[in-house]
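**Student:** need a structure here:
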Amino acid sequence: MKKLMRHKSALKANRQALKHALHNRRIKKGVRVAVRAVVDAAKAKDVKKVAELTALAAEALDKAAKRGTIHWKAAARKKSRLAAQVRKLAAAA
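**Tutor:** Numbering: from 1, shown residues only. A predicted model of the protein is given here:
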C-alpha cells in the first residue's frame with residue numbers, strides 16, 4: 001500500500017488499522033460460516049444438529065460483539081433473526 005502519511009504516528013496508526021481490519025475480517029468470516037452451517041442444517045431438517053450449531057453461532061456472535069468487531073445490538077439482532085429463521089424452517093418441515 002502506498003504510504004500517504006508522513007508523521008510517525010500516522011504511519012503507526014495505518015499499520016494498526018490494517019492489522020485490526022484483518023483480525024476483524026477473520027472474526028466476521030467465522031460468524032458467517034457458523035450462521036450458514038445452522039441454516040444448512042435446518043434445511044436438511046436435522047433437529048439435533050440445528051440446536052448444537054445454533055448455540056455455536058450465538059457464541060460466535062457474542063464473541064465478535066465482546067471484541068468490538070460488531071456492535072452488541074447487531075449481534076443480538078442477528079441471533080434473534082437466526083432463531084426466527086430456524087423456527088420457520090422447523091415449522092415448515
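**Student:** what residue lies at the spatial centre of the protein?
**Tutor:** By Cα atoms, centre = their mean, the chain has its centre lying nearest to Val31, at 2.8 Å.
**Student:** Next secondary structure after the helix or strand containing that one?
**Tutor:** Taking DSSP states H and E as the criterion, Val31 maps to helix 8-43. Sequence-wise, the next helix or strand downstream of helix 8-43 (DSSP H and E) is helix 47-66.
**Student:** residues making contact with that following helix?
**Tutor:** 27-28, 30-31, 34-35, 37-38, 41-42, 70-72, 74-76, 78-79, 82-83, 86, 90 (Cβ atoms under 8 Å, 6 or more residues apart in numbering). Every residue, glycine included, has its C-beta placed from N, CA and C.
**Student:** Now do the contacts for Arg24.
**Tutor:** I think there's a mix-up here, since residue 24 is Asn and not Arg. Thr69.
**Student:** hang on, isn't Val38 packed against Leu82?
**Tutor:** Yes - taking contacts as Cβ atoms under 8 Å, Val38 lies within contact range of Leu82: 6.2 Å.
**Student:** Much appreciated, bye for now.
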